[in-house]
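Visitor: I'd like to go over a predicted model; first the sequence, then the structure.
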Amino acid sequence: MTNFGNLFVGLATGAVALVLVLGLINLLRGGSPDLSQKLMRWRIGLQLFAIIVIMGVLWFRART
């Protein structure tokens, strides 16, 4: 589970970082405000997902 846990945490945090960078690029280029709002909503949802993944991995590690 440790390797899978590390993979899941890495993927979840990587997804958050990717959407954050895309949002910053859009902001710096003066892109569409609608796209910025959509990316912000995605980032918040992915942050929630990442927290759930991290807490789940910690919970599984504590049980073993």
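Guide: In hand now; what should we look at? All figures in this text were calculated on a predicted structure; none of them were measured in a lab. Numbering: from 1, shown residues only.

Visitor: Give me the pLDDT value at the residue nearest to the spatial centre of the chain.
Guide: Nearest to the geometric centre of the chain sits Val16, at 2.6 Å (Cα atoms, centre = their mean). At Val16, the model reports a pLDDT of 97.

Visitor: and if you look at the one 3 residues further on?
Guide: According to the predicted model, the pLDDT of Val19 comes to 97.

Visitor: repeat for Thr2
Guide: pLDDT, Thr2: 66.

Visitor: Repeat that for Thr64.
Guide: Looking at Thr64, its pLDDT stands at 76.

Visitor: Would you quantify the distance from it to Gly5?
Guide: 10 Å (Cβ to Cβ, to the nearest Å). Any C-beta I mention is one placed from the backbone N, CA and C, and that applies to glycine too.

Visitor: who's more crowded, those two?
Guide: Using other Cβ atoms under 10 Å as the criterion, Thr64 and Gly5 rank with Gly5 on top: 16 against 6.

Visitor: Tell me which helix or strand that one sits in.
Guide: Assigned by DSSP states H and E, Gly5 belongs to helix 2-28.

Visitor: Which element is encountered next along the chain beyond that helix?
Guide: Downstream of helix 2-28, the first helix or strand assigned by DSSP H and E is helix 33-63.

Visitor: same for that following helix, what does it pack against?
Guide: helix 2-28 (3 or more Cβ pairs under 8 Å, 6 or more residues apart in numbering; DSSP states H and E).

Visitor: In this structure the residue nearest to the centre of the chain contacts Arg43, no?
Guide: Yes - contact criterion Cβ atoms under 8 Å: Val16 and Arg43 qualify, at 6.3 Å.
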